[in-house]
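Colleague: would you be able to build a 3D model of this:
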Amino acid sequence: MSHTEHLLLVEDDSGLRELLQEELEAEGYQVTACASAEEALIPLQQSDIDLLISDLRLPGADGLSLLPPAQALSPAPAVLIITAFGSVQQAVNALQNGADDFLTKPLEIDHFQLTVKRLLENRRLRREVQRYRSIMAVEQFHGIIGQSSSMRRLFQHIRQMASADGPVLIQGESGTGKELVARAVHEESVRSGKPYMVVNCGGIPAELMESEFFGHAAGAYTGARKARAGLFQQAEGGTLMLDEIGEMPLALQAKLLRALQDGNVRPVGSDHEIQLDVRVIAATNRNLAECVEQGSFREDLFYRLETFNLQVPPLRERSDDIHYLADFFLARFNARQQRELKGFSDAALQALLHYAFPGNVRELQNAVERAATFSQGAFIELQNLPERMQSASSSAIDTTLSDPLKAISSSPSLAQLPSLESVQRRYIHQVLDATDGNKRKAADILGITRRTLYRWIE
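Modeller: This next block holds a predicted model:
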């Protein structure tokens, strides 16, 4: 049987310590053994310990002294206290202070092994629940996922603009989530209980667009046997979201401008105008300022729409969110497909972090769902990702390592070859420079914990 958990065993009885270490290692655990609480503090604080097993009575500080530093770790290890039969009350006190269980001497090895397995499994389950809750908590703003500084600024701007009533222009590349941003503006506003209508300006034939927007009177044209309310009327009191506004014909742009200025619309074939209360949100992946210069978009309409402007950042400019987004999409896939994939291998995660995502969040979502579908193990591996992402990871690693490897290839003698420590130190600093000192992101790229990264830096 093979385990990856790291156990810290603290026992001053050398014979019992060696016996327990031998039994645990035979089960496949990685075991660090110490004879005192003082000696145990170093591996406890510098290693990723999954389970702390400590005798209650030790020379010097007792086993209870290890509870506070253990509980201060993130994630904290499970704790098993071993005590003599006459110290059961002290063991109960240990449970009240944060230990997970205790056993009395003399130990029954089979029972000891079962207790170790149970505590580790409980810890794994707790971490999985915490991870799932943290993933779900990321979807904290009307379905928009993001915790990077640029997204937090966007959320704040949405809240501020939602309280106003003028038009909103949302710009951003395809796949960035402009539709979700528009919905968030509506939901944050006083109009949230009123209609929310969405229309794709590029998906309506030009000859039907005016009728679609403003409605028509009975007999307005052949086949119009009865009057029909347009999108503006249907959205009365609420919000009308015009997606891909850059595709709207110039003739209709003039009528839209008038509707925005005075709130009146005239159905096709009607002699009467209708006064409406509708907030317009427009979205586009095109640069409307360039469209104005090219003559394909009215300048006056552009400035009217730009009363409130929201720019949705592309995913490559908020790479801090990639891990959160990938975990969220994987959790949603697991729920829908009744799978139990646990996450991403280090190589797969690094590939996602290095990839530029020209298709933005939508491309990441599709990649995760595809990788999860073809994954055969507990984790999504690098080979499960699209080839373009695999190659991007290889290129990034080659580029990052180019300086140390260049030093190796250009050294004329063995004496001038850099040491492993030197190459490692330079690589760590390159990753930190590339992440602007973001230690969490650097640790993800390096495939280590932040605690390990701090130790390497020191």
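
Colleague: relative to residue 385, how far out is the most centrally placed residue in the chain?
Modeller: For the chain, the residue nearest the mean C-alpha position is residue 324 (1.1 Å; CA atoms, centre = their mean). Distance, residue 324 to residue 385, by CB to CB, to the nearest Å: 18 Å. Bear in mind the C-beta positions are built from the backbone N, C-alpha and C, glycine included.

Colleague: hey, where'd the helices end up in the stretch 251-400 of the chain?
Modeller: For the stretch 251-400 of the chain, the helices defined by DSSP state H, counting those that start in this stretch cover 288-294, 299-305, 322-337, 346-354, 360-374, 387-400.

Colleague: looking at these, which is closest to residue 19?
Modeller: Proximity to residue 19, assessed across these by CB to CB, is greatest for helix 346-354 (35.0 Å).

Colleague: give the next helix or strand downstream of the worst-scoring helix or strand of the chain on mean pLDDT.
Modeller: In the chain, the helix or strand scored least confidently by mean pLDDT, DSSP states H and E is helix 402-410, which has a mean of 50. Downstream of helix 402-410, the next assigned helix or strand under DSSP states H and E is helix 420-434.

Colleague: which residues sit in contact with residue 197?
Modeller: 231, 234-235, 238-241 (CB atoms under 8 Å, 6 or more residues apart in numbering).

Colleague: from those, which land in strands?
Modeller: Using DSSP state E, the subset of these located in strands is 239-241.

Colleague: can you pull the pLDDT of residue 395?
Modeller: pLDDT, residue 395: 56.

Colleague: oh sorry, the question was meant for residue 165
Modeller: On the pLDDT scale, residue 165 gets 90.

Colleague: hang on, it in a helix?
Modeller: No. Remark: residue 165 does not belong to a helix; assigned using DSSP: H, G, I helix; E, B strand; the rest coil, it is coil.

Colleague: how many neighbours does it have?
Modeller: 14 (other CB atoms under 10 Å).

Colleague: and residue 377, by the same measure?
Modeller: 10.

Colleague: just residue 63 next, same as before
Modeller: Residue 63 has 27 nearby residues by other CB under 10 Å.

Colleague: not counting sequence-adjacent ones, nearest residue to it?
Modeller: residue 54 (3.9 Å; CB to CB, 6 or more residues apart in numbering).

Colleague: got the CA positions of the strand or helix carrying that neighbour in CSV?
Modeller: Element membership of residue 54, judged by DSSP H and E, is strand 51-55. What follows is strand 51-55, C-alpha atoms only, in CSV (Å, rounded to 0.1, in the frame of the first residue of the first chain):
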residue,chain,number,x,y,z
LEU,A,51,-0.5,14.1,10.9
LEU,A,52,1.3,14.9,14.1
ILE,A,53,1.7,11.9,16.5
SER,A,54,3.1,12.9,19.8
ASP,A,55,3.6,11.3,23.3
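
Colleague: what comes into contact with that strand?
Modeller: Residues from elsewhere that reach strand 51-55 (CB under 8 Å, 6+ apart): 5, 7-13, 20, 37, 40, 44, 63, 66, 70, 77-83, 116, 119-120, 123.

Colleague: now do that strand, average pLDDT.
Modeller: pLDDT averaged over strand 51-55 gives 95.

Colleague: following element in sequence after that strand, please.
Modeller: Downstream of strand 51-55, the next assigned helix or strand under DSSP H and E is helix 67-71.

Colleague: and that following helix, how far from the chain's centre?
Modeller: The chain centre lies 29 Å from the centre of helix 67-71; the measure is CA atoms, centre = their mean, to the nearest Å.

Colleague: mind saving the C-alpha coords of that helix as PDB?
Modeller: Output of helix 67-71 as PDB, limited to C-alpha atoms (Å, rounded to 0.1, in the frame of the first residue of the first chain):
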ATOM      1  CA  LEU A  67      -0.700  22.000  19.600                       C
ATOM      2  CA  PRO A  68      -0.600  25.800  19.100                       C
ATOM      3  CA  PRO A  69       2.100  25.800  16.400                       C
ATOM      4  CA  ALA A  70       0.400  22.900  14.700                       C
ATOM      5  CA  GLN A  71      -3.000  24.700  14.700                       C
END
